[in-house]
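>>> Here is the input, now give the coordinates:
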Amino acid sequence: MIFGQLTRRGVLCEVLRGGTALGMAGMSVPSWAEEASTAFHAYVGCYTTARRYARGDGIHVYRVDPETAAWTHIQRVGDLVNPSFLALRGDGNYLYAVHGDESIATAFSIDRASGALKFINRVATGCQNGVHQAIDPSGNFMVVANYASGSVSVLPIRQDGSLGENVQIVPLPGLPGPNRVEQASSHPHQIVFDPSGRFVAVPDKGLDRIFMFQFDPQAGRLSPTIQGSVAARSGSGPRRIAFHPALPIAFVLNEIGSTIVTYYLEAEHGGLRPVQILSTTPSDYTGENTASELALSSGGRFVYCSNRSHDSVAIFAGDPKTGLLTTVDWVPSRGRIPRFIGFDPPGRILYGANEQSDTIVSWKADFSTGRLTPTEQVISNASPVVIAFRRG
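All right, here's what the predicted structure looks like:
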């Protein structure tokens with residue numbers, strides 16, 4: 001039953017009392033729910049517009065039971081255009097959304113007890129189609145990758161969690177790749193801080209490059225590293241990058257080429273050097289595919305990639321010394337177009353958002369082999385494209 005309905009500056013919030021746990025009817029307690037830790041919350045962003053062939057209606061908030069892994073719906077935040085990526089500040093008190101095809105970013109505060117969102121403010125990013133954002137380690141700045149504008153924006157985060165107007169816009173220079181449809185110009189698809197917090201990486205799908213910046217946490221400004229950028233294979237379309245938590249290694253997922261590349265990271269100056277490339281699809285698969293998301297196990301031993309059209313999750317094992325990858329397996333995504341995959345806070349369950357099947361599915365990860373076992377759980381959510389998890 002709805003007990004609160006708040007509208008503020010065009011943002012509709014619906015909070016549900018005693019929401020219904022979602023999943024398959026009559027689902028028994030899964031055997032894979034081993035540890036009883038504190039509950040956590042899942043925030044699901046959806047595509048919402050006809051241009052995206054979408055059926056979504058905003059951001060949905062769920063409480064996830066630590067023992068049964070059942071999801072209970074507690075809130076919908078509506079009247080949002082394509083909240084296509086979500087990021088939490090390190091303290092877990094604030095959530096930030098960027099909006100596909102728009103030029104804005106939105107800030108929300110989070111109720112510590114319920115996990116519910118409350119709208120704070122919305123600001124212009126200065127550029128179009130923000131597709132990914134990251135919060136610097138100090139929690140004072142948010143950097144945004146702007147797909148359509150071929151640029152990166154830096155927005156300050158005020159003490160109350162609200163966003164300020166951008167303090168820097170950095171265009172990404174270079175020649176477009178050979179794919180005339182997907183690479184007509186610069187298209188940065190992600191922005192990530194390295195584990196030290198000193199460097200920022202930006203895979204550019206349109207230019208076949210990975211840009212590297214130094215970040216000044218006092219001024220909130222980006223400046224190119226000595227290397228500046230590293231070229232990817234022509235036509236590969238770099239989309240995602242993930243840094244190993246312990247080794248000086250980065251993994252880059254190429255969307256158009258459906259490949260994953262291992263790079264050695266020169267930690268002092270933030271330089272990247274490619275050393276290995278593998279396909280994200282099986283050798284006997286001859287159809288079309290675009291790779292979409294990259295996820296690492298908590299210790300970085302295993303790497304997972306989602307494939308759209310092949311509709312699978314590829315599994316790779318990393319050498320503990322060199323970080324070089326070996327293909328382990330592929331598992332079906334149990335739905336169409338798995339745009340997002342990511343681990344829950346305990347790092348034991350991998351979740352996948354199947355954009356065109358309107359479902360969120362999950363797998364238990366084997367810590368010794370990296371293999372994935374499907375759970376019985378299927379959560380219905382229209383056009384899901386991202387999940388952000390918050391402990392507590």
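>>> Where do the strands of the stretch 51-200 of the chain begin and end?
Ranges of strands in the stretch 51-200 of the chain, per DSSP state E, counting those that start in this stretch, are 59-64, 71-78, 83-88, 94-99, 104-110, 117-124, 130-135, 141-146, 151-156, 168-171, 192-193, 199-204.
>>> what helices or strands is the fifth one leaning on?
By that I understand strand 104-110. Secondary-structure packing of strand 104-110 (3 or more Cβ pairs under 8 Å, 6 or more residues apart in numbering; DSSP states H and E): strand 94-99, strand 117-124, strand 130-135. In this view, the C-beta of every residue, glycine as well, is placed from N, C-alpha and C.
>>> Which residues does that strand contact?
Under the contact criterion Cβ atoms under 8 Å, 6 or more residues apart in numbering, strand 104-110 has outside partners 11, 41, 77, 80, 83, 92-99, 116-125, 130, 133, 142, 144, 155, 157, 161-163, 390.
>>> List only those of those residues flagged as buried.
Among the contacts of strand 104-110, those classed as buried by 16 or more other Cβ atoms under 10 Å are 11, 41, 77, 80, 83, 94-99, 116-123, 125, 130, 133, 142, 144, 155, 157, 161, 163, 390.
>>> Counting neighbours, which bits of the lengthiest strand in the chain end up buried?
In terms of residue count, the longest strand belonging to the chain (DSSP state E) is strand 221-231. The neighbour-count check on strand 221-231 (16+ other Cβ under 10 Å) flags 222, 225, 229-230 as buried.
>>> Please tabulate the strands of the stretch 51-200 of the chain in TSV, including the columns mean pLDDT and distance to residue 50.
Output for those, formatted as TSV (pLDDT from 0 to 100; distance: least, Cβ to Cβ, whole Å):
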stretch	mean pLDDT	distance to residue 50
strand 59-64	98	19
strand 71-78	98	16
strand 83-88	98	15
strand 94-99	98	15
strand 104-110	98	19
strand 117-124	98	22
strand 130-135	98	19
strand 141-146	98	22
strand 151-156	98	26
strand 168-171	98	29
strand 192-193	98	31
strand 199-204	98	28
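>>> who wins for proximity to residue 263 among these?
strand 199-204 (9.6 Å; Cβ to Cβ).
>>> Tell me how far residue 242 lies from residue 295.
To residue 295, residue 242 is 7 Å away according to Cβ to Cβ, to the nearest Å.
>>> any residues in contact with both of those two?
residue 303.
>>> dump the residue contacts of the closest residue to residue 91 other than its chain neighbours.
Take residue 91 and drop its neighbours on the chain: the residue closest to it by Cβ to Cβ, 6 or more residues apart in numbering is residue 139, 6.5 Å away. With contacts taken as Cβ under 8 Å, 6+ apart, residue 139 has the following neighbours: 89-91, 157.
>>> Nearest to residue 268 among these?
Using Cβ to Cβ, the contacts of residue 139 come closest to residue 268 at residue 90, 24.8 Å.
>>> Quick one: buried ones out of the contacts of residue 139?
Buried residues within the contacts of residue 139, counting neighbours by 16+ other Cβ under 10 Å: 89, 157.
>>> List just the nearest of the contacts of residue 139 to residue 327.
Each of the contacts of residue 139 was checked against residue 327 using Cβ to Cβ; the closest is residue 90, at 34.0 Å.
>>> State the distance from that closest one to residue 135.
Distance, residue 90 to residue 135, using Cβ to Cβ: 7 Å.
>>> which residues sit in contact with residue 258?
Counted by Cβ under 8 Å, 6+ apart, residue 258 has contacts 279-281, 289-291, 307, 310.
>>> From those, which land in strands?
279, 290-291, 307.
>>> can you put those residues in CSV and add distance to residue 106, pLDDT and neighbour count?
Below are the ones in strands among the contacts of residue 258 laid out as CSV (distance: Cβ to Cβ, whole Å; pLDDT from 0 to 100; neighbours: other Cβ atoms under 10 Å):
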residue, distance to residue 106, pLDDT, neighbour count
279, 37, 98, 16
290, 27, 98, 20
291, 28, 98, 27
307, 30, 98, 24
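>>> Residue 61 against residue 71, yeah?
No. Look at residue 61 against residue 71 with Cβ atoms under 8 Å: they stay out of range, at 10.2 Å.
>>> what residue ranges in this structure are flagged as low confidence?
For the chain, the stretches flagged by pLDDT under 70 are 1-37.
>>> on that earlier part again, distance to residue 342 added to the ones in strands among the contacts of residue 258, as a markdown table?
Below are those laid out as a markdown table (distance: Cβ to Cβ, whole Å):
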| residue | distance to residue 342 |
| --- | --- |
| 279 | 22 |
| 290 | 18 |
| 291 | 15 |
| 307 | 16 |
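>>> so which pair among these is furthest apart in space?
279 and 290 (13.0 Å).
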